[in-house]
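Trainee: Make a model of this:
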Amino acid sequence: MKLKIKRLNEKAILPNYAHFDDSGMDLFSIEKKELKPNTQALIKTGLAIELPENTEAQIRPRSGLALKHGITVLNTPGTIDQGYRGEIGVILINHSQTTFLIEYGMKIAQMIIMPIIRCEIEEVIELSITKRNERGFGSTGV
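Mentor: Got it, this is the predicted structure:
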């Protein structure tokens, strides 16, 4: 499967898989920005993509940034729809108590390409009964 990528900025770094068997490809910042404690910012990548048919791109946090610095993707997973052709931006939030400096070329998130299954909506009067049924939050005893 091919992912078409357009550089919108000459400083943009193409996404890449750090290891052969990784699920996500790294996304890189094209800007330098301070992210103060308990604030969020849209970080630009300088890239636009054309997704293959019946796919979406999911933008997810990097575990190292989350563990070491309290930096994560605010709307995780962020969704890029197949028809979107604008710049990929990543909304990062700083959950730590210290300012975090985002540098040019820093790995800020990972992007995973996922298949989409489209459903035909059918309104019904009743749903089938299951063992769990309507028990939700804490239904397993936790």
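Trainee: Does F28 touch Q110 like I think?
Mentor: No - taking contacts as C-beta atoms under 8 Å, F28 lies outside contact range of Q110: 10.8 Å. For every residue, glycine as well, the C-beta is placed using N, CA and C.
Trainee: end to end, how far does stretch 1-17 reach?
Mentor: End-to-end distance of stretch 1-17: 15 Å, with C-alpha to C-alpha, to the nearest Å as the criterion.
Trainee: buried set for that stretch?
Mentor: 12-13, 15 (16 or more other C-beta atoms under 10 Å).
Trainee: likewise stretch 90-104?
Mentor: The neighbour-count check on stretch 90-104 (16+ other C-beta under 10 Å) flags 90-94, 100, 102 as buried.
Trainee: With respect to E120, which of the residues you listed is nearest?
Mentor: I91 (32.1 Å; C-beta to C-beta).
Trainee: can you name the farthest residue from the center of the protein?
Mentor: I125 (36.1 Å; C-alpha atoms, centre = their mean).
Trainee: Would you list the phi and psi of that residue?
Mentor: The phi/psi pair for I125 (degrees, to the nearest 10) reads phi -80, psi -40.
Trainee: Now do the strands in the chain.
Mentor: 4-7, 25-28, 33-35, 40-44, 47-50, 55-60, 71-73, 78-80, 89-94, 100-102, 107-115 (DSSP state E).
Trainee: now these as a markdown table including distance to R132 and mean pLDDT?
Mentor: Shown next, in a markdown table, are those (distance: least, C-beta to C-beta, whole Å; pLDDT from 0 to 100):
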| stretch | distance to R132 | mean pLDDT |
| --- | --- | --- |
| strand 4-7 | 43 | 98 |
| strand 25-28 | 36 | 98 |
| strand 33-35 | 40 | 97 |
| strand 40-44 | 35 | 98 |
| strand 47-50 | 38 | 98 |
| strand 55-60 | 27 | 98 |
| strand 71-73 | 30 | 97 |
| strand 78-80 | 27 | 96 |
| strand 89-94 | 33 | 98 |
| strand 100-102 | 41 | 98 |
| strand 107-115 | 26 | 98 |
